[in-house]
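*Asks:* turn this into a structure:
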Amino acid sequence: MSALTDRQAEILSFLERFTAREGMPPSIPEIQAAFDLASPRGVVKHLEALAAKGHLELVPNRARGIRLRTSRRTRSSRDQLDLPILGRVAAGAPIGAANTFDESLVVDRALFRQRPDYLLRVKGDSMRDDGIFDGDLVAVRQTSSAENGQTVVARIDGEITIKRLKITTRGIRLLPRNPDYAPIEVPRDADFAIEGLYCGLVRQD
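*Replies:* Below you'll find the model as predicted:
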């Protein structure tokens, strides 16, 4: 990577601190305000220079479209997690989930009581009463077991959903947290598995 000017180094350091603290990169106006720059175009020029020198990638036509290329030192930090975004998870009727990913997000380790392994983007509003909304990124710890009452990411006949787990003598139910949705009764012959436990979420503007 090419050497940075003093101002470029300051902006890169700000991007890293902001992303670690907020779980998402800053917006152009936030960078402009932090460095008292005269116009958004000045911010873009600095970001383009950092991208040209290999320190970040700019994603076109996307809010907060800054992807830091995390250094080995940063990746090994106990204070940060570099989590892959693996696809979508339904907060509504189950949907298929992607098996590949082309982006990741550096988040603050302190955001989560349990260490997550990956992120999934929520589609739907069936978990809104638990504060999980359409478009949120939910953090998931990969596991095949869960306790009654926990919020889980579950697979039913090849489709993925996030719901509250209810285990009774009559079987397994997946409970939404929105009265507009009915519980999912898991048939005894269904191809069903727990994929992970919900650890928290990251909300991006």
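
*Asks:* spell out the secondary structure type for Arg113.
*Replies:* coil (DSSP: H, G, I helix; E, B strand; the rest coil).

*Asks:* which stretches of this protein form strands?
*Replies:* Using DSSP state E, the strands of the chain run over 56-58, 66-68, 80-90, 104-108, 118-123, 137-142, 151-156, 159-168, 171-175, 184-186, 192-202.

*Asks:* and the fifth one, how far out from the chain middle?
*Replies:* Remark: strand 118-123 is offset 6 Å from the chain centroid, using C-alpha atoms, centre = their mean, to the nearest Å.

*Asks:* run through this protein and note the low-pLDDT ranges.
*Replies:* Across the chain, the ranges flagged by pLDDT under 70 are 1-2, 70-79, 92-102, 204-205.

*Asks:* okay, now the domains of it?
*Replies:* Here the domain parsing of the chain from automatic domain parsing is 6-69, 80-202.

*Asks:* a markdown table for those, including mean neighbour count?
*Replies:* For glycine as for every other residue, the C-beta is placed from the backbone atoms N, C-alpha and C. Compiled in a markdown table, the domains of the chain are given as follows (neighbours: other C-beta atoms under 10 Å):
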| stretch | mean neighbour count |
| --- | --- |
| domain 6-69 | 15 |
| domain 80-202 | 17 |
